Structures are given as structure tokens and as C-alpha cells.
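> build the 3D model from these lines:
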Amino acid sequence: MATAINPIVNPRLRVQVLDDEEIQRIHTATLEVIESAGVRFPSSRALDIWAANGARVDRDTGVVRAPGALIEDALRRAPAEYTLAARDPSQDLPLDGRHVYAGTDGCGIEVVDVETGELRRSTYRDVADIARVADALEEVAFHWVAVSAQDRPAESRGLHELAAIWRNSTKHVQTESVVTEREARAAVEMAAAVAGGRERLRERPVLSLMECTTSPLGQDGGAIDAGLVAAEAGVPVGFMTMASCAFTGPVSRAGTLVVGNAEVISALALMQLAYPGCPVYYAAAQTAMDLRSGAYTGGGPEDFVFGAATNALADFYHVPLSMGAFATGAHEPDWQAGLENGLSMLLASAVGSDMLLGVGLLNGSRIWSYEQLLLDCEIYALVRESLKGVEVNDETLALDVIRTVGPGGDFLAEPHTRRHMRELWQPRFLDRRPHGTWLAADDRARDWARARAQALLAEHRPEPLDDVTAGTLAEIIARVEANAGVAAGVGST
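The predicted structure follows:
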């Protein structure tokens, strides 16, 4: 039986980071930047589409300068709501502005081994194992490719990763590892095999693509071409800005929002010019450069505020949002990881972001940790229960039972308590033991999380792909490898 997904639904606590006037000013500034400075599109196909729609195109530099009216008209064609389908329909994810889902993040390159605790390079087996554990968790609604299958050929690695997840989970897959037209065509073919055909895939997209921009004010040519392949097939595609204050964006938060917004909405507008009405989404993981090292921070007030602000922008354009909300900069599951992931998760959920990424990753999305995955799920569950607020009705006001118990009594044995006691949230990993018991014990929350991950790896068996579909995926990958000149057997799944 598939794991029931338990998302945040209609959070009662709401946070407003930008008011309507500020959103409009950012939008207006963004359009001015796109028309005056332009955005680089190093893709001949993209340049042809822009030119055919009246944008000014510099073929030598690849820079496109599009009038604001063209961008706005294109964005109005994007659907405001659609569903990310899963292999198991009970795990479908409606992107309707009323749900907040959490997913894994990627593409990490190292794994803290769940048995030895040693840090090592990630492999195909890790992709499969992570998918299987995440499949068992009600807090994880969809997958990103969490780590890189570094033991598979570069020419087909992203496809092997997709196959590994579909073999080990029935949940939706959103990949960030397919970044060329060739890979995208193969990925769409694989998704069609899983969905039951091209038209079925258009109706029930079991795959979505996420592509990165190249800040400041640039696109990646392969990613743009891959996105166009997805858009043509009706596979949802998003573009993620990772603009960084003081480095690939202005030092000011508003300025960095403008740079990132120009990158994202210009890419989304291109998809709509090519395939009007195709499902698209906004994606963002903006941050501030660490002024001491120049590194990507993966946590801090700028990250938290950017997450909430980009949700406001996505809402303004009436498209869903996929954003980084975990992926702490901490090196291990410690107080820093809890603080950064807790605050980012709370703020992102309180603004109603659709898709939150990053559970299980440390060191700014570089290192996978099963312990962190389980602890992040605890954070998600805690925030989910907090955002339910207070339900007020005759049953919850409990006047009858209050009168029955009266002054000086207790409510332990009352029928009302028995009816509702399981509604009280119970932690898995928060340590509530008496201090003396805790002091005498040699186990901690990380030990419990690690043991839980080990148990899931040993016990959880998702519904497998049927042999025909699994064989079709292997054939598609083998064909891609043969065309790329990869030696036979090197890319075997």
C-alpha cells in the first residue's frame, strides 16, 4: 500500500513580506531590466522564438530584450493550477495554492553512510535507497534527485537517476538533473512509458523538470532547450534562480529579487510563447554570499525572506512555486541545522509556498544525511501542526465536558478526551524524557533517526514497476548511451 501523503493544507498563520505596491514595483523594475539590459538566451531555438514574437535579439551575444507587454501577455497564458501526478494516483499533488508539499533536494555529491557514518561519494545505489526511504515518509510528497549517481556515465546519469526513483517509489518525480535537449527527449519518453503513453502523460504528468538560470541575467542553453522539450510534451517545467546578494545580484535584497525575477519570468514567458498554456512554475533558491568566504550560505535571514518574497511574486504571476526551504548550511544535524531549517520551513509555509525542497541535505545541498532527512520530517510535521491554528466549534469548545469535570477535576477519563487525544501531536525525535533518564542514557535524537532510516531501508518495499515498463526504461537509456558512444554495460541499471 502506498504511503499516504500528509501535506500542510490551508495554513491559518499567514505572513506578508511584500505588500501589493512593493510587488508591483519589483514587477515594473523587472520588466524594465528585461527590456533595457536584456537576458542572455544561448539557444538558437529560443532566439528564433523571441525574434518571431517581436523581441530585439542580438544573435552575436544571445541577449534578448523583450518589451514588458510581451512578457506580461505571455505569462497570462500559464495555467494557475494543475496536478503533479504520481505512479499511485492517491499520491497526486494538486498545485492549487492551498497545499504546501515537501520534497528532497539535489544534486548532492556525498553521502553520510547510514551504516558506517563515513562520508563518501554518492552512487546510483544511494539514489535508489534514498527514494525508497523517502517513499515511506508521509512528510515527503515528491522527489528531487537527492544525490548524483556518480558511478553512471555522465551522458546518461540523469536518466539512470530517474529510473532509480521510479523503480523505488510511487511518488511524483521532479528532476533537476536533465539539462540537455537529448536527455529531455529521453526523459519524456521514459515518463510516457511510466504514465501509459504520450497523451496519458499530458493528462497525468508523472515527471516535472526544474532547470537553473545562470545569474546574473542569463539562461543555460541546454536547460532552455530541455525546458522547451518538456513544455511541448505537457510536462511541467520550472526555472530556478539562485542569485546571490553582492555576487550574482546586487547587495540589496530588492535588487537581487529583480535580477532573479527577470531570469525566471523571461524563461517562463518563452515557454508560453512556444507552447501557450503549458504548465510552468516559478523556482527560487536565492541567498546572500558569505562575505568571509564567498560561499553559498544555505541558511540565513536573506534566504528566509527571499523564500517568502518569491512566493509573493509567484502568486502575482499566478503560477506555482518550487523553492529551497531546507538544505541547511550546517555540516551535521546539529542546532544550526535545526534553527535554519525550522525558520525557513516556517516562513515558507506561512506564505503558502507550493513545493519546499531540501529535506535531508547538509552543507548547502552538498551532503546527504539520512539522519537529517528524518529530523527535517520532524520539523515539517511540527510546522504543519502549528499552522493548523485553533479550530473553534461546539465540539472543540467542549463546554459540556468542562461543566462535567468542574473545578478541581481532571479530563483524563472523559469520553471527549478519548475521542480527540490522538489529535495531539506526538514527536518521534524530540527528546522529552525526564532529565535524569536523558542524562543516564547514551542515545540521542540522531541515533533514533539513524535507526529509523536503517529500519525503513530494511523493511519498506514500494510497489515495483512492472517488468515491461522497467525494461522499456532500460532500453531508452541503452539507446541514449549507444548514441553517445558509451561502452556497453557501463550504464547498466
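
> quick one: the helices in the stretch 251-400 of the chain, in order.
In the stretch 251-400 of the chain, the helices defined using DSSP state H, counting those that start in this stretch lie at 253-274, 301-317, 335-350, 370-386, 394-397, 399-405.

> any idea of the mean pLDDT for stretch 65-76?
Stretch 65-76 shows a mean pLDDT of 98.

> that one: how far from the chain's middle?
With CA atoms, centre = their mean, to the nearest Å as the basis, stretch 65-76 stands 27 Å off its chain's centre.

> now residue 195: how far from residue 465?
12 Å (CB to CB, to the nearest Å). Just so you know, the C-beta spots here come from the backbone N, C-alpha and C atoms, and that holds for glycine as well.

> got it, and residue 166?
Separation of residue 166 from residue 465 (CB to CB): 6 Å.

> a strand runs through residue 210, doesn't it?
Yes - applying DSSP: H, G, I helix; E, B strand; the rest coil, one finds residue 210 inside a strand.

> residue contacts, it?
144, 174-176, 237-240, 283, 322 (CB atoms under 8 Å, 6 or more residues apart in numbering).

> run through the bridge partners of it.
Beta-bridge partners for residue 210, by DSSP bridges, are residue 238.

> quick revisit: figure out which of the helices of the stretch 251-400 of the chain is closest to residue 64.
In this view, the helices of the stretch 251-400 of the chain are compared for proximity to residue 64 by CB to CB, and helix 253-274 is the closest at 7.3 Å.

> and the closest one, how far out from the chain's middle?
18 Å.

> now swap in stretch 152-159 and tell me
Offset of stretch 152-159 from its chain centre (CA atoms, centre = their mean): 21 Å.

> now swap in stretch 181-193 and tell me
Between the centre of stretch 181-193 and the centre of its chain there are 20 Å (CA atoms, centre = their mean).

> could I get the CA-only coordinates of it as CSV?
Extracted in CSV, the C-alpha atoms of stretch 181-193 (Å, rounded to 0.1, in the frame of the first residue of the first chain):
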residue,chain,number,x,y,z
GLU,A,181,17.6,18.5,-25.2
ARG,A,182,18.9,15.0,-25.8
GLU,A,183,18.3,14.0,-22.2
ALA,A,184,15.0,15.7,-22.0
ARG,A,185,13.6,13.8,-25.0
ALA,A,186,14.7,10.6,-23.4
ALA,A,187,13.3,11.6,-20.0
VAL,A,188,9.9,12.4,-21.6
GLU,A,189,9.9,9.1,-23.4
MET,A,190,10.6,7.3,-20.1
ALA,A,191,7.9,9.3,-18.3
ALA,A,192,5.4,8.4,-21.1
ALA,A,193,6.3,4.7,-20.6
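
> common neighbours of residue 166 and residue 465, please.
Contact criterion CB under 8 Å, 6+ apart; residues bridging residue 166 and residue 465 by contacting each: 87, 194, 473.

> and those residues as JSON lines, adding distance to residue 398 and neighbour count?
Formatted as JSON lines, those follow (distance: CB to CB, whole Å; neighbours: other CB atoms under 10 Å):
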{"residue": "87", "distance to residue 398": "43", "neighbour count": "21"}
{"residue": "194", "distance to residue 398": "49", "neighbour count": "23"}
{"residue": "473", "distance to residue 398": "54", "neighbour count": "24"}
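
> now flag whichever of those residues is closest to residue 346.
Minimum distance to residue 346 across those is 31.0 Å, recorded for residue 87 (CB to CB).

> tell me the SS of the closest one?
Following three-state DSSP, we place residue 87 in the coil state.

> what about residue 366, how many neighbours?
Counted with other CB atoms under 10 Å, residues neighbouring residue 366 total 17.

> what's the nearest residue to it if we skip its chain neighbours?
The shortest distance from residue 366 to any non-neighbouring residue, by CB to CB, 6 or more residues apart in numbering, is to residue 108 (5.6 Å).

> what is the neighbour count of the one you found?
If you count neighbours by other CB under 10 Å, residue 108 ends up with 25.

> over to residue 79?
Neighbours of residue 79 under the rule other CB under 10 Å: 15.

> for it, which non-adjacent residue is closest in space?
Leaving aside its sequence neighbours, residue 79 sits nearest to residue 279 (CB to CB, 6+ apart; 5.6 Å).

> what's near enough to touch that neighbour?
With contact taken as CB under 8 Å, 6+ apart, residue 279 is in contact with 78-79, 82, 205, 208, 234-237.

> kindly report the same for residue 234.
Contacts of residue 234 by CB under 8 Å, 6+ apart are 201-202, 205, 278-279.

> cool, residue 291 as well?
Neighbouring residues of residue 291 by CB under 8 Å, 6+ apart: residue 246.

> who's in contact with the most centrally placed residue in the chain?
When CA atoms, centre = their mean is applied to the chain, the residue found nearest the centroid is residue 357 (3.5 Å). By CB under 8 Å, 6+ apart, the contact set of residue 357 is 102-105, 144, 285, 322-327.

> wait, is residue 101 part of a strand?
Yes - assessed by three-state DSSP, residue 101 belongs to a strand.

> I figured it hits residue 93, correct?
Yes - counting by CB atoms under 8 Å, residue 101 touches residue 93, with 5.6 Å between them.

> now do the shared contacts for these two.
With contacts taken as CB under 8 Å, 6+ apart, residue 101 and residue 93 have 5, 7, 141-142 as neighbours in common.

> ok, and the most crowded of those residues?
residue 141 leads the shared contacts of residue 101 and residue 93 on contacts (other CB under 10 Å) with 27 neighbours.

> quick check on it: phi, psi?
phi -90, psi -20 (degrees, to the nearest 10).

> do the same with residue 119
Here is the backbone geometry of residue 119 (degrees, to the nearest 10): phi -90, psi 130.

> looking at stretch 350-358 now, give me its mean pLDDT.
Mean per-residue pLDDT for stretch 350-358: 95.

> how about stretch 212-231?
Mean predicted lDDT for stretch 212-231 stands at 98.

> kindly report the same for stretch 1-9.
93.

> span of it from start to end?
One end of stretch 1-9 to the other measures 23 Å (CA to CA, to the nearest Å).

> got the buried residues for that stretch?
2-3, 5, 7-8 (16 or more other CB atoms under 10 Å).

> one step back: out of residue 166 and residue 465, which sits in the more crowded spot?
Using other CB under 10 Å as the criterion, residue 166 and residue 465 rank with residue 166 on top: 26 against 19.

> how about that one, what does it touch?
87, 173, 190, 194, 206, 465, 473.

> per-domain residue ranges of this structure.
Split into domains by automatic domain parsing, the chain comes to 8-17+75-386, 394-423.

> and those domains, which is most packed in?
Counting by mean count of other CB atoms under 10 Å, domain 8-17+75-386 has the highest mean neighbour count of these, with a mean of 22.

> just the endpoints, please. Distance across it?
10 Å.

> about what we covered before: now do the contacts for the residue nearest to the residue nearest to the centre of the chain when sequence neighbours are not counted.
Sequence neighbours aside, residue 105 is the residue nearest to residue 357 in space, at 4.3 Å (criterion: CB to CB, 6+ apart). Contacts for residue 105 (CB under 8 Å, 6+ apart) come out as 144, 146, 324, 326-327, 357-361, 365.

> which SS state does residue 57 fall under?
Look at residue 57: counting by three-state DSSP, its state is strand.

> burial count for residue 446?
Residues near residue 446, counting by other CB under 10 Å, number 17.

> try residue 437
Residue 437 has 9 neighbours, counted by other CB under 10 Å.

> which element is it on?
Using DSSP states H and E, residue 437 maps to helix 435-440.
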